[in-house]
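> here's my sequence, what's the structure:
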Amino acid sequence: MLQRISSYLSSLVLVLALAACASPGQQAGEMEIRSGVIEQITAVELSTNHHAGVGAVIGGLTGVGLGSLIGAGTGRDVAMVAGAIGGALAGNEIQKKYDKPVPGQQIIVRTGSGVLVSVTQPLNPDLRPGQRVFIEGSGEGSRVVPR
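The predicted structure follows:
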């Protein structure tokens, strides 16, 4: 039974690791670049890119590992369950410290063709209204950089 639980937990960790590596929307070697002038910059707060629940999973797995080092037989099983619960709670609390919003900016750029483009990205103090810029990429992966 313990080996089955360990196998399930290992599979879950593998699935989470593979899902974290996926990056939808990116095309290898292709990037659209447009140019324009910044019309307006508005300060915003961006949510973090940490995946919810990862701290609890890692903490739980660590707790199971540490619990397996204690005792033998039923005592070891109890220690592993207690370690999993305690580790999950501790990992969740630690992750909360990193889930705070980060400063960002919404930038409105008027392209050479007169079209207004809005890009929301992490804070770049080198950008200011009236500045000539490039808009790299499209969709959620776009960003504004100085020209």
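
> list the buried residues in the strand ranked longest in the chain.
The residue-count maximum for a strand in the chain (DSSP state E) belongs to strand 33-46. For strand 33-46, the neighbour count (16 or more other C-beta atoms under 10 Å) marks 34, 36, 38, 41 as buried. Quick note: C-beta positions are derived from backbone N, CA and C, even for glycine.

> residue ranges in this protein under the pLDDT threshold?
Across the chain, residues meeting the criterion (pLDDT under 70) sit at 1-32, 48-53, 98-99.

> contacts for the helix or strand encompassing V109 next, please.
Following DSSP states H and E, one finds V109 within strand 102-111. Around strand 102-111, the neighbours that count as contacts under C-beta atoms under 8 Å, 6 or more residues apart in numbering are 34-46, 48, 116-124, 127, 133, 135, 144.

> swap in 10 Å and give it another go.
By C-beta atoms under 10 Å, 6 or more residues apart in numbering, the residues outside strand 102-111 that reach it are 34-49, 115-125, 127, 129, 131-135, 143-144.
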